[in-house]
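1. starting from these lines, generate the structure:
(one chain, ligands or ions: 1)
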Amino acid sequence: MELSKEFEQKFRSAKSVCVLTGAGVSAESGVPTFRGGGDTTAVWKGMPFDQISSARMVSENLAEVWEWFDYRRGVLSKCTPNPAHETLAKWEQDFSEFTLVTQNVDGLHARAGSKNVIEVHGNINRSRCLGCGVRFDMDVGSVPHTPVKCNECSGNLRPDVVLFGEMLPAGVFEEAVEKAAVCELFFVIGTSALVYPAASLPEIAKRNGAYVVEVNPEKTPLSELCDESFRGRAGEILQEITRVF
Ligand code: OAD
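-> Below is the predicted model of the structure:
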């Protein structure tokens, strides 16, 4: 793989690095993406994923929402981190300032050893009470989910994931914006870059002078903005970059 001199120089000298990942970073682990070619789960029981994963479905048919999330948790329980997750966990140790922001709810970055992960869309192995807001961790392999009712107030639990029609959790995105605005090098990896506000992070980094690098087998709406685009699978490209240095 050809790395430009400019990229090599930036990668070697960068003190602060920020990374945004999307579903593509988990594709090599066997986790279906949402959009694009390959192994996607765009429709479930005849419903598009943005309908079943919506705030409206939580109020109209919570049981069905859980059925869909338990199905996804079942698929995920058989998946393990891939070289892309592992490389990013290593980069956290290598760079003096490193921020990993993920849109993924699969928890695979943490399972690969990343310590600080900003999960802007929540986590599929956590539930939240609709009554009192308390959160519960669920075991990766516990399908169907337990507990079913809140231990504190007996309210109904919902997945602690940002659904279509909902705001991001307070404070979480702001922290990501702060880091994106001050980093020298920004990687945008495995995301179709269609879902905002997450997709605005590379734009913020670029506006503030960062060198922005995309890793994706396909072109995205952000490709034009990027200083460099590596076309290929995240696991292979990230390992390749690390090998060169
Ligand atoms: P998408 O499914 O929209 O996009 C996946 C991207 O990964 C595409 O651009 C693919 O080309 C790329 N890709 C596929 N295989 C890859 C590989 N091996 N290496 C690198 N890239 C690869 O996923 P996101 O952009 O993450 O929201 O979707 C954003 C949000 O939309 C998700 O977080 C989810 C969904 O609604 C919530 O769950 C709230």
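2. make it CA atoms for all contacts and neighbour counts henceforth
-> OK.
3. up against the ligand, what does the chain have?
-> Proximity of the chain to the ligand (Cα under 6 Å from any ligand atom) is limited to residues 22-25, 27-28, 33-36, 103-104, 121, 162-163, 189-193, 195, 215-218, 233-234.
4. I'd like the next helix or strand past the lowest-mean-pLDDT helix or strand in the chain.
-> The least trusted helix or strand in the chain, going by mean pLDDT, DSSP states H and E, turns out to be strand 43-44, with a mean of 78. Downstream of strand 43-44, the next assigned helix or strand under DSSP states H and E is strand 47-48.
5. ok now that next one, how far from the chain's centre?
-> When distances are taken as Cα atoms, centre = their mean, to the nearest Å, strand 47-48 is centred 21 Å away from the chain's centroid.
6. tell me what it is packed against?
-> For strand 47-48, there is no helix or strand it packs on, judged by 3 or more Cα pairs under 8 Å, 6 or more residues apart in numbering; DSSP states H and E.
7. now the strands for the chain?
-> Ranges of strands within the chain are 16-21, 43-44, 47-48, 97-102, 117-119, 122-129, 135-137, 157-161, 185-189, 211-215, 228-230, based on DSSP state E.
8. partners of the third one in the sheet?
-> The one in question is strand 47-48. strand 43-44 (antiparallel) (DSSP bridges).
9. how about the first one?
-> Taking DSSP bridges as the criterion, strand 16-21 pairs within the sheet with strand 97-102 (parallel), strand 185-189 (parallel).
10. what of the last one?
-> If you go by DSSP bridges, strand 228-230 pairs up with strand 211-215 (parallel).
11. picking up where we left off before, which other residues reach the least confident helix or strand of the chain?
-> If you take Cα atoms under 8 Å, 6 or more residues apart in numbering as the criterion, strand 43-44 is touched by F49, I52, W68.
12. give me that answer again for 10 Å
-> With Cα atoms under 10 Å, 6 or more residues apart in numbering as the test, strand 43-44 has contacts from F34, F49, D50, Q51, I52, W68, Y71.
13. who wins for neighbours among those?
-> Highest neighbour count within the contacts of strand 43-44: I52, with 25 neighbours (other Cα atoms under 10 Å).
14. what's the neighbour count on the residue nearest to that one when sequence neighbours are not counted?
-> Closest residue to I52 apart from its sequence neighbours, by Cα to Cα, 6 or more residues apart in numbering: V65 at 6.3 Å. By other Cα under 10 Å, the residues close to V65 number 21.
15. right, and V65 touches D160 too?
-> No: contact criterion Cα atoms under 10 Å: V65 and D160 do not qualify, at 11.8 Å.
16. tell me the helices in this protein, going along the chain?
-> Assigned by DSSP state H, the chain shows helices spanning 5-13, 49-52, 55-60, 62-77, 83-94, 108-111, 172-182, 200-207, 234-244.
17. what inclination does the first one have with respect to strand 16-21?
-> If you take axes from the mean of the first three to the mean of the last three Cα atoms, to 10 degrees, helix 5-13 sits at 110 degrees to strand 16-21.
18. how far does helix 5-13 sit from the chain's center?
-> The chain centroid and the centroid of helix 5-13 are separated by 25 Å under Cα atoms, centre = their mean.
19. can you list the low-confidence ranges for the protein?
-> Along the chain, the parts satisfying pLDDT under 70 run over 36-42.
20. domain parsing for it?
-> Using automatic domain parsing, the domain ranges for the chain come out as 5-30+81-121+168-242, 32-78+125-161.
21. buried deepest among those, which one?
-> Across the domains of the chain, averaging neighbours per residue (mean count of other Cα atoms under 10 Å) puts domain 5-30+81-121+168-242 on top, at a mean of 19.
22. and the end-to-end length of that one?
-> Start to finish, the residues bounding domain 5-30+81-121+168-242 are 15 Å apart (Cα to Cα, to the nearest Å).
23. for that domain, the distance to its chain's centre please.
-> Computed by Cα atoms, centre = their mean, the chain-centroid distance of domain 5-30+81-121+168-242 equals 9 Å.
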